[in-house]
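A.B. asks: For reference, the sequence and a predicted model appear below.
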Amino acid sequence: MNMKYGKVVSWLVALLTATAVSGPALAQQVTGTLGSPSATTTLSNKQLPAPDPRFGGVIKDGALQSKAWWAPRVVPPKEAPNVLLIITDDAGFGVPSTFGGVIPTPTMDRIASEGLRYNRVFSTALCSPTRAALITGRNHHSAGFGVISEQSTGFPGYNSVIAKDKATIGRILKENGYSTAWFGKDHNVPAFEASQAGPFDRWPTGMGFEYFYGFIGGDANQWQPNLFRNTTQIYPFKGQEGQWNLVTAMADDAIDYMSRMHQINPSKPVFIKYAPGATHAPHHPTKEWVDKIRALKLFDDGYEKLRERIFENQKKLGVVPADIKLSPWPNEMLKPWDQLTADEKKLFIRQVEVFAAYAAYNDYEIGRVVQHFQDLGKLDNTLIIYINGDNGTSAEGGPLGTPNEVAFFNGINALPAEVQMKWYDVWGTEQTYNHMSAGWSWAFDTPFDWFKQSANRLGGINQNMVVSWPARIKDKGALREQFIHVIDVVPTILEAAGLKAPEMVDGIKQAPIEGTSFAYTFDARNAKVPSRHKTQYFEMMGQWALYDDGWLLSTKAGRAPWEAFGPANPDPLNNHVFQLYNLNQSWNQEEDVAAKYPQKVKEMRAKFLAEAKKYQALPLDASVGARIVAPRPNITAGRKEFVYTRPMTGLPQGDSPNILNASYTFTADIEVPQGGAEGMIVTSGGRFAGYGFYLLKNKPVWLWNLADLKRMKWEGPELSPGRHTIEFDFKYQGLGAGTLAFNNFSGLGRPGVGTLKVDGKVVDTQTMERTLPMILQWDEAFDVGSDTLTGVNDADYKSPFPFTGKLNKLTITVDRPQLSAQDIQKLEAAMKGKD
């Protein structure tokens with residue numbers, strides 16, 4: 001043997017030998033002759049990417065006397081499956097028909113009949129955190145996502161930064177020879193890294209997903225989304241408004257991707273994370289699906305009857321124990337159906353029909369993706385994991401629902417039904433950012449209670465799931481009841497693919513995987529074995545629980561999800577009533593036995609604290625709305641002046657000038673041509689909240705869109721041709737966001753006086769009695785020179801409304817209120833009084 005060649009073989013053996021596991025993994029797998037163009041090899045995953053091998057050929061003075069040598073191409077272990085990982089949004093246990101719901105989900109039914117159903121699958125109770133745990137195999141605080149990215153704070157468990165020592169499943173599979181793609185919702189890009197200035201290493205393409213088609217925030221208008229292909233914003237819906245819908249478009253794009261990958265290299269497996277925005281608000285199905293659901297008349301007898309019907313279905317299907325009982329309807333929080341007005345009943349039925357249509361529509365489009373695996377002849381060796389919901393059903397619409405979820409995030413959560421009826425005929429269309437009554441949300445979490453955000457109640461965290469892998473899973477249609485958490489998905493996929501978790505990635509030692517593979521449940525002989533995942537903590541915004549081998553300690557539910565803008569519990573670790581449940585006897589958390597087992601409560605409280613310390617959950621923070629406006633290290637941090645001299649679009653809210661709860665001045669140096677000009681100078685937000693500074697028929701306009709409930713307009717006279725300076729100055733009359741440091745919201749959303757000037761002359765002055773306290777519209781951008789996506793006032797213009805004059809310079813100055821010593825003294829006194 002040539003000595004150089006022998007060294008290379010030895011190097012490969014040392015580097016690439018894999019340890020056998022229970023999946024299809026074998027020892028090192030090499031095909032072909034090493035050095036030939038067709039040679040392949042698997043990896044040991046000691047480090048990723050694997051180091052380049054030494055050249056194993058022969059180099060002489062001339063090519064004819066030399067011998068070429070190619071490094072083997074990296075491939076996964078033989079028979080490693082394709083993986084389709086599906087997770088829907090804001091859907092509780094009782095949503096899909098597969099688990100007793102009334103909403104038809106035939107795709108989920110299909111996967112269940114070809115594989116397994118799981119009824120004890122747990123989320124974190126909120127979007128970003130569940131998703132971070134899902135792709136890293138680590139707990140959400142370990143991955144930096146104690147809350148959603150828009151609420152991030154400067155602590156390791158809450159900074160929305162997935163650290164370099166926690167490589168995602170996408171990265172691991174990519175380095176091991178998979179094609180990797182992500183479709184739909186991300187919500188794991190820090191809000192302060194979402195602009196075109198990057199960095200992009202925490203976008204999907206920077207975390208191991210070679211292709212991305214979707215949106216990076218928490219929610220999206222499905223008719224006109226803030227949509228990206230990889231890191232470039234795209235607008236495929238232009239010219240098709242009201243017809244194009246992202247739910248269909250992402251299925252189309254996924255099918256196209258699968259076809260391309262198959263045609264290029266049929267032997268290369270694919271990993272697809274498929275994460276639709278459904279059923280997160282806004283609920284945006286097509287009219288076809290709304291009509292289908294309405295014809296079924298599923299909801300005419302109200303939400304309590306719906307809950308009872310779902311519960312009976314669940315018991316008949318055997319997906320819940322036959323002897324459990326439902327908790328009482330929360331009359332004090334959610335008005336019983338028979339006490340609603342006629343308008344409320346009519347409105348609420350419309351709301352839930354649109355939600356149900358959204359869920360059914362989404363499942364249908366998922367079915368097209370699943371079917372395409374079959375059409376390509378790949379379904380037999382495809383592992384499909386379909387998780388219903390990243391948390392329980394959302395109640396963020398409040399008891400009455402809302403035509404505009406942005407209103408909720410600004411503390412407006414009780415719009416009377418008679419006001420909402422204005423949107424009845426367009427509910428779910430591009431004219432609404434809609435959410436439903438929380439009464440429906442409670443019903444859709446049956447057999448549990450409470451909602452999304454509730455880490456202490458099973459209605460917020462107990463999801464369900466179906467899994468199929470025809471080549472491996474033979475116990476078709478069976479039920480699995482082992483405790484499984486989303487952190488268990490990564491180790492399960494790795495075991496199925498025959499891969500070990502890497503020890504090093506990019507030279508960085510990797511933190512241990514914190515989940516436990518549930519691949520053992522695929523075998524019929526393990527159907528009833530105890531769960532291997534024994535202990536799991538839960539924490540979300542100060543509400544917490546601990547699961548420990550069948551026992552669940554939880555804090556008593558108090559704050560409803562729509563009560564997000566008041567003072568927070570100052571001691572969320574201890575200032576609670578504690579409840580204890582034996583889930584083997586009280587499967588749906590119905591019988592509290594804390595009084596019977598005080599020592600058990602004490603022990604589990606101590607164990608929760610240990611887990612919280614271990615996984616970066618400290619410091620506990622019960623604030624909700626306050627964290628939305630917390631300062632973050634975005635590109636505007638510390639800046640008071642912003643200057644723009646050229647058109648620019650697509651700057652996200654988290655990286656654009658924030659003018660809420662502050663004084664500000666917008667000054668535009670423009671030139672008006674002969675014949676006049678019009679168009680957008682600068683805007684942020686859109687149809688559901690935001691502001692715009694523009695010329696309308698050659699007249700300067702400043703407009704505030706206050707959550708699509710009211711619009712205030714300042715307007716000046718028609719401009720003559722030539723150069724002009726137009727200015728909008730706003731003097732805020734509140735203490736600002738600084739009051740939040742004292743658990744006090746009094747500085748937010750206060751009045752102010754706005755003044756419009758042309759060439760130094762005041763042309764309009766108005767007082768705003770209220771201002772938006774929290775957000776504009778997360779999925780809309782800050783634009784200069786035009787208006788992408790939706791406009792702030794449809795009555796005045798249609799997007800993109802480009803500016804037809806010349807913009808020489810736009811200057812924005814922001815003056816944030818500073819608390820005086822006297823202000824601080826008063827706030828400290830008020831905080832002590834609340835304690």
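C.D. replies: That came in fine, so what should we check first? Numbers count the residues shown, from 1 in each chain.
A.B. asks: contacts and neighbour counts: CA atoms only from here.
C.D. replies: Noted.
A.B. asks: Send me stretch 413-424 as CSV with only the CA atoms.
C.D. replies: Coordinates of each C-alpha in stretch 413-424 appear next as CSV, following Å, rounded to 0.1, in the frame of the first residue of the first chain:
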residue,chain,number,x,y,z
ASN,A,413,-58.6,44.1,24.5
ALA,A,414,-62.3,44.7,25.1
LEU,A,415,-63.8,46.1,21.9
PRO,A,416,-67.6,45.8,22.2
ALA,A,417,-69.3,43.4,19.8
GLU,A,418,-71.3,46.2,18.2
VAL,A,419,-68.0,48.0,17.3
GLN,A,420,-66.5,44.8,15.9
MET,A,421,-69.5,44.1,13.8
LYS,A,422,-68.2,46.8,11.4
TRP,A,423,-65.7,44.1,10.3
TYR,A,424,-68.1,41.1,10.3
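A.B. asks: For that stretch, give me every contacting residue.
C.D. replies: With contact meaning CA atoms under 8 Å, 6 or more residues apart in numbering, stretch 413-424 is reached by 343-344, 347, 350, 397-403, 407, 431-432, 562.
A.B. asks: Among those, name the buried ones.
C.D. replies: Buried members of those, counted by 16 or more other CA atoms under 10 Å: 344, 347, 350, 397-403, 407, 431-432, 562.
A.B. asks: For Arg457, state which of these is nearest.
C.D. replies: Using CA to CA, Trp562 comes nearest to Arg457 of the buried ones among the contacts of stretch 413-424, at 16.1 Å.
A.B. asks: Name all residues that make contact with the closest one.
C.D. replies: Counting by CA under 8 Å, 6+ apart, Trp562 makes contact with 395-398, 408, 413.
A.B. asks: I'd like the secondary structure assignment at it, please.
C.D. replies: With DSSP: H, G, I helix; E, B strand; the rest coil as the basis, Trp562 sits in coil.
A.B. asks: for it, phi and psi?
C.D. replies: Main-chain torsions, Trp562, degrees, to the nearest 10: phi -80, psi 0.
A.B. asks: And it, how far from Gly397?
C.D. replies: Distance of Trp562 to Gly397, given as CA to CA, to the nearest Å: 7 Å.
A.B. asks: Then Leu296?
C.D. replies: From Leu296 across to Gly397, the span is 24 Å (CA to CA).
A.B. asks: just Ile86 next, same as before
C.D. replies: 25 Å.
A.B. asks: Repeat that for Tyr581.
C.D. replies: For Tyr581, the distance to Gly397 equals 30 Å [CA to CA].
A.B. asks: what does Lys316 give?
C.D. replies: 31 Å.
A.B. asks: contacts for the host helix or strand of Phe693?
C.D. replies: Using DSSP states H and E, Phe693 sits in strand 689-696. For strand 689-696, contacts defined as CA under 8 Å, 6+ apart pick out 406, 677-685, 700-708, 776-777, 792, 796, 803.
A.B. asks: Tell me where the stretch 501-650 of the chain is predicted with low confidence.
C.D. replies: Judged against pLDDT under 70, the stretch 501-650 of the chain has no low-scoring part.
A.B. asks: Equivalent analysis for the chain, please.
C.D. replies: Applying pLDDT under 70 to the chain flags residues 1-27, 834-835.
A.B. asks: list the helices and strands whatever helix or strand Tyr361 lives in packs on?
C.D. replies: Here Tyr361, judged by DSSP H and E, is contained in helix 342-375. Applying 3 or more CA pairs under 8 Å, 6 or more residues apart in numbering; DSSP states H and E, we find helix 342-375 packed against helix 106-114, helix 246-264, helix 287-296, helix 417-420.
A.B. asks: Of those helices, which is nearest Pro77?
C.D. replies: Checking the helices and strands packed on helix 342-375 against Pro77 by CA to CA gives helix 246-264 as the closest, at 18.2 Å.
A.B. asks: Give me the buried positions along that closest one.
C.D. replies: Within helix 246-264, judged by 16+ other CA under 10 Å, the buried ones are 246-251, 253-255, 257-259, 261-262.
A.B. asks: what's the answer for stretch 702-717, then?
C.D. replies: So, applying 16+ other CA under 10 Å, buried residues of stretch 702-717: 702-708, 714-716.
A.B. asks: Could you save those as TSV and add columns showing distance to Gly377?
C.D. replies: Listed next are the buried residues of stretch 702-717 as TSV, based on distance: CA to CA, whole Å:
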residue	distance to Gly377
Trp702	58
Leu703	56
Trp704	55
Asn705	52
Leu706	52
Ala707	49
Asp708	49
Trp714	62
Glu715	63
Gly716	65
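A.B. asks: so which of those residues comes closest to Val466?
C.D. replies: Closest approach to Val466 among the buried residues of stretch 702-717 (CA to CA): Ala707, at 38.9 Å.
A.B. asks: does the closest one really touch Pro403, like I thought?
C.D. replies: No: here Ala707 does not reach Pro403: they are 9.9 Å apart, not a contact under CA atoms under 8 Å.
A.B. asks: pretty sure Ser531 contacts His485?
C.D. replies: No: using CA under 8 Å, Ser531 makes no contact with His485, being 10.9 Å away.
A.B. asks: quick revisit: tell me which two of the buried residues of stretch 702-717 sit farthest apart.
C.D. replies: Maximum pairwise distance among the buried residues of stretch 702-717 (CA to CA): 23.9 Å, between Ala707 and Gly716.
A.B. asks: residue ranges for the helices of the stretch 451-600 of the chain, please.
C.D. replies: 458-461, 489-497, 598-614 (DSSP state H, counting those that start in this stretch).
A.B. asks: Pick the most buried one from these.
C.D. replies: Stretch with highest mean neighbour count among those: helix 458-461 (a mean of 32; mean count of other CA atoms under 10 Å).
A.B. asks: name the helices or strands packed onto it?
C.D. replies: On a contact count with 3+ CA pairs under 8 Å, 6+ apart, helix 458-461 meets no helix or strand.
A.B. asks: Can I get it in PDB, CA atoms only?
C.D. replies: What follows is helix 458-461, C-alpha atoms only, in PDB (Å, rounded to 0.1, in the frame of the first residue of the first chain):
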ATOM      1  CA  LEU A 458     -51.800  21.700  30.800                       C
ATOM      2  CA  GLY A 459     -54.000  23.700  28.500                       C
ATOM      3  CA  GLY A 460     -50.900  25.800  27.800                       C
ATOM      4  CA  ILE A 461     -48.400  23.100  27.400                       C
END
